[in-house]
Structure formats: C-alpha cells, structure tokens
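could you work out the structure for the sequence below:
(4 chains)
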2 protein chains.
Amino acid sequence: MASAVIDFNALRKSCASCALAQLCLPASIGAEGLTRLDELVQQRKPADRGTTLFDTGGRQSKLYVVRSGSFKTFVDLPDGDHQVLGFHFPGDLLGLDALPSEVHRCNAQALERSMVCEVPFNELSNVASKLPGLQQQLYRVMSDEFAREQEHMVMMGRRQAPARLAIFLHSLSERRRRLGLDPLELNLSMSRQDIANYLGLVIETVSRLMGRFQSAGVLDVERRIVHIRDMDALRALAHAGDAADGMLKSASSS
Amino acid sequence: MASAVIDFNALRKSCASCALAQLCLPASIGAEGLTRLDELVQQRKPADRGTTLFDTGGRQSKLYVVRSGSFKTFVDLPDGDHQVLGFHFPGDLLGLDALPSEVHRCNAQALERSMVCEVPFNELSNVASKLPGLQQQLYRVMSDEFAREQEHMVMMGRRQAPARLAIFLHSLSERRRRLGLDPLELNLSMSRQDIANYLGLVIETVSRLMGRFQSAGVLDVERRIVHIRDMDALRALAHAGDAADGMLKSASSS
DNA sequence: CGTTCATTTGATGCCGCTCAAGCAGTGTGG
DNA sequence: CCACACTGCTTGAGCGGCATCAAATGAACG
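Numbering: from 1, shown residues only, chains lettered A, B, ... in the order given. So this is what the prediction gives:
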C-alpha cells in the first residue's frame, strides 16, 4: 500500500546497513561498537495490525525500535476507556517506561503491519556502560522521548480544539520531514478515534475540524491521506491563542 | 526497617545521612559507591521563591534533586502564555530533559524557599557506568519520570473538570504518603493559576470546584491548606467517567 | 449485493470560558 | 497603628464551543 521510498533490500540484519542508523542507537559509535550492538539486537517478525509489542503489567524489559510501520501506546482506564499516549514511527523507541526490571505501564499496539528491532535492556545497559558514545545516544533518545511527551502536554493544555488538531498534524509533518519523507503528505495510520482520544476530543469534533480545515484551503483530506496545502496557515492555527480562528469561519473567501 | 521519623539534624551534607537516600540516587549502592557519589554532589544555597534552577535554552546539563520545598516546570508558549508541565517535591529529579549536552526545553522555578542537590550529569554518567546499582537506579528514576508524565496525560485526557482536579489532589496526596507525610493534609505551594494551567482549566473553574468539593464534604479548603475529609469520595471523583458527579449537586449529605 | 464498521453530518444542550465585580490577606508609607 | 493600594482568590451572570445524541453516508469484505 504505502509507496515508501525505503529500500527494503537495505533493511538487512545489521545496524550498519540500516537506513535508520543515524536516528537510532548506533549513531556516533564506531565500527567495533556496531558489532557489539549487533549481537544484542534481535529481529522480529512483522507485527500485524492490532498486535501488541507489550502490555500493561508485562515484566520483560526490552527496548524496541520501530523500523517500519507505526504504533500507538495507550493506557487502560478503570472505567473501560483508553487514553492514547502517543504514536510512534520509524526511528522511535518503545519500552522506555519499564526500565529496568520494572513493569510496563502502558500498551504498545501496531497500527499497521510493522517491523521492530528488539534489544534486551539489561544487556544493552551493560554494553553501553563500556561505550560512552552508545551511552550518550541512549540518554539522548530518552531525552527526546521526554521532549515528545512535553509537546503532547502543551498540546493538551491548549483549550481550543482547532489548535490541538493543528499542532497534531504539524507534529506529524515534522516527524516525516525528519525521516526524509514528504512533509506535506500525511498518511494517518491511526483511526479518527485514536486521534480524538489522543487530543482529548471526541471523534465528531475531529471529523468536523478536518472538514473546516479543508474548506479553509489548509488541507486536502481524503480518508486517511491528508495533504497539507498551506503550511503557514496550519502553523498559525497551531499557535493561535484565540486568533487565526477567523480563517475557519465558513466564509470561503480568498 | 526504616524508621518513618525524619531527623532534620541528619540532613547533613553526605548522601549517606540524607533522609531522602532511599528515594534518590543512592538507593541500592554500597558504602564505597556512596563515597564516590558524594564527591559529585554539589550542595546549593537555598533557592528563594521565584528563582529558576534552569531556563529554556540553557546548556548546563546537570541533574537536580529536590531536598526540600517545591518547584514547577513549565514552557513558554509563542503567544506569551505558559504551560505548566509538572510540580516537583522532595526526592524528585529535575533536568532530565537536557541529557547530556542537550539544551533545556523547559524552565524550573521554585514555588517556595527550597533546597536542591546538584549533580553534573556527565560525571554522574561516568560513575554510573562503573556502578551497576547506581546505573540501574538512574534508569529507574527516569522511568518514574515517564510514568509521572503519563499520569499527567491521562489526567488531561479526562474531559470533566471535576475529575481532573480530583486526580490532581489525589496525586499530591499519594506523593506525600510516599514521603512519609500526612496524606490528608495538603499544602498547596503553587498558586491557583498554576494549578489551573496544569489542569488545562481556568482559575475560576478551579476555584469553583474547590468550593463544590468542600460543600460536598470531600475537602476542607482554607487558602493553601487543603484537608482531605473523604478520600474514597475523592477517588470516586477522580475515576468518574461521568458518574459520581451527583455528589457535587449542591445539597448534599451532612 | 448485503452486512458491518468507520466516518461524516446535523440538531440540541450542557460544561466551562469570558467578563466583571467583590473580598480577604499582605505590604507600604504616613 | 491605620489608610491605602495591591495581589491572589472567590463568586456571579451570560454566552459559546464542544460533547451528546441521532441519523446518513461511504468504504471494506464476504
């Protein structure tokens, strides 16, 4: 389905040949380090849509790196509802919430057929303690994960629904850009339900806002494919305290 | 085993004599490890209300441990507003967002006169790589930090304002309990404005809800001192999808 | 072609935001 | 010690945005 520009022939077993190496743990360690890291990394079979990498309460402390596809992490709430915590794309790490010998506090589920690398955390930690470069990179990706959660909270703190959706879409675009993909062409692998939950809204509101964004000429929405027509407008909407809502007020001028 | 009594005379310079040792980095490292850790830890002068430990953009990658008092972390938004990310009490770590040689992505400000320990992160990392116990504890507190952020997101995902406030108050209570303090007696060192911002609400809503909680016999609110009268009711409110709102409908049980 | 599920679209009502005024605790200068 | 201003919080009235309920449409699949 997705005509990803990734060369799957290059996605072999070794980290050295991985297209994501610069985003992932191997960044900034030498050839010898790579060899030792390679010994730890376990490849997994493709995870089909709906299967989970780990579930709440699980005790396996492994680190997962998304190679292709996408995942969502979420917690189950006492009232039977969910809360989606995040979406994860190639290069992202999963499993940081259970370092080391702790229990997972959330679930990680594939949104589509996806591939991951799997690293036993304790062994990784051992190797990292002898490879300063790897250790540093490990801290860095953890720090990045903190930054991502902070972004989520900033988004949730914004009261107006249009700003939340705009921030979300802009964030997806940024992440695609970082992966070397077209930042204007979003492929929403998650359902509207997941998006709404992630944003603290209901599904109807998300749907309506998508429509309004489209009418305003900001987006082209076609089912799960979203094309960003006006990035500046999207940014304006994202940063709007209360302003910039004018561009959505039905009047389809300009 | 551990006596619940905090002896303030024991709050001397060394980690070994610190009342927070079991919550902090020294947990589960031996005497020799403690000595090496002590060499890294720098004591700081008391931080007065309003002073910042670090600011957005700062490049000093240090770790801070709150010894007494409290802090808030927050980001500045383009429109001049803030977003409060969290509140931090004794035993909590600050500065994890700038590991290592990255820039801080938020500000940390004292809410009252507070004390912190300060550890240069790079040196801590070096020592930790030779002390598996310390390394593991470092990962653990980072993992805890992830868990705390997840709780925040769950809270923000709840639509109903009463549930958000109840979750917040209950969380504060839990944190006091973990510190060996009375979990029923909350001392809100942060302003209503900070609370409202943290919860994604406005100050008036927080104020009204405090009033309603008090009328319902759940709380005793007196300025910044909040006494929890009915912990079960507070929990019920926290987990309420939509139910349990009944207990707030004006006339209530004596 | 019919069933099912995801998404869109519409109508209505409530919760929480906005605007505005009142109040208590704190500090300052006379 | 009191008058005054100031800041942080509470309380009230009114409105609007988003949730809720309900139904239609469209895509996916056997």
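
so A:Arg49 touches A:Lys72, yeah?
No - A:Arg49 lies out of contact with A:Lys72 (CB atoms under 8 Å); the separation is 11.0 Å. Every residue, glycine included, has its C-beta placed from N, CA and C.

give me the more crowded residue out of those two.
Each of A:Arg49 and A:Lys72 had its neighbours counted (other CB atoms under 10 Å in any protein chain shown), and the higher figure belongs to A:Lys72 (22 against 13).

what sits against that one?
Neighbouring residues of A:Lys72 by CB atoms under 8 Å, 6 or more residues apart in numbering or on different chains: A:84-88, A:108-109, A:111, A:190, A:194.

for A:Lys62, see how far away the residue lying closest to A:Leu37 once chain neighbours are set aside is.
Leaving aside its chain neighbours, A:Leu37 sits nearest to A:Cys15 (5.6 Å; criterion: CB to CB, 6 or more residues apart in numbering or on different chains). Summarising the geometry, the distance separating A:Cys15 from A:Lys62, computed by CB to CB, to the nearest Å, is 16 Å.

again, but for A:Asp232
When CB to CB is applied, the distance between A:Asp232 and A:Lys62 equals 42 Å.

of the two, who's got more company?
Taking other CB under 10 Å, A:Asp232 and A:Lys62 do not tie; A:Lys62 has more neighbours (21 against 8).

beta partners for that one?
With DSSP bridges as the criterion, the beta-bridge partners of A:Lys62 are A:Pro120.

is the residue lying closest to A:Met210 once chain neighbours are set aside in a helix, a strand, or coil?
Nearest in space to A:Met210, with sequence neighbours left out and distances taken as CB to CB, 6+ apart, is A:Val221 at 4.9 Å. A:Val221 falls in the strand class when you classify it by DSSP: H, G, I helix; E, B strand; the rest coil.

let me see the contact set for A:Val221.
By CB under 8 Å, 6+ apart, A:Val221 lies in contact with A:210-211, A:213-214, A:227.

most surrounded residue in these?
When neighbours are taken as other CB under 10 Å, the top entry among the contacts of A:Val221 is A:Phe213 (26 neighbours).

residues in contact with the lowest-mean-pLDDT helix or strand in chain A?
Of the helices and strands making up chain A, the lowest-confidence element is helix A:31-40, at a mean of 77, by mean pLDDT, DSSP states H and E. Contacts made with helix A:31-40 from outside it, assessed by CB under 8 Å, 6+ apart, are listed as A:13-16, A:25-26, A:29, A:119-120, A:123-124, A:127, A:131, A:133-134.

just checking, A:Asp48 touches A:Gln109?
No - between A:Asp48 and A:Gln109 no contact is recorded; they are 10.6 Å apart, counting by CB under 8 Å.

of those two, who's got more company?
More neighbours sit around A:Gln109 than around the other of A:Asp48 and A:Gln109, counting by other CB under 10 Å; the figures are 20 against 11.

tell me the secondary structure for that one?
For A:Gln109, the reduced secondary structure class is strand; criterion used: three-state DSSP.

for it, give me the pLDDT.
Among the per-residue scores, A:Gln109 shows a pLDDT of 95.

quick one: contacts for it?
Contacts for A:Gln109 (CB under 8 Å, 6+ apart) come out as A:50-53, A:71-74.

now with 7 Å, please.
Each residue near A:Gln109 by CB atoms under 7 Å, 6 or more residues apart in numbering or on different chains is listed here: A:50, A:52, A:71-72.

so which of those are in helices?
Filtering the contacts of A:Gln109 for membership in helices, criterion DSSP state H, returns an empty set.

closest to A:Tyr139 out of those?
Using CB to CB, the shortest approach to A:Tyr139 within these belongs to A:Phe71, at 22.4 Å.

just grab the bridge partners of A:Leu94 for me.
For A:Leu94, the beta-bridge partners under DSSP bridges are A:Tyr64.

how far away is the most centrally placed residue in chain A from A:Met190?
Closest residue to the average C-alpha location of chain A: A:His88 at 2.5 Å, with CA atoms, centre = their mean. Relative to A:Met190, A:His88 is positioned 11 Å away (criterion: CB to CB).

brilliant, that's me finished.
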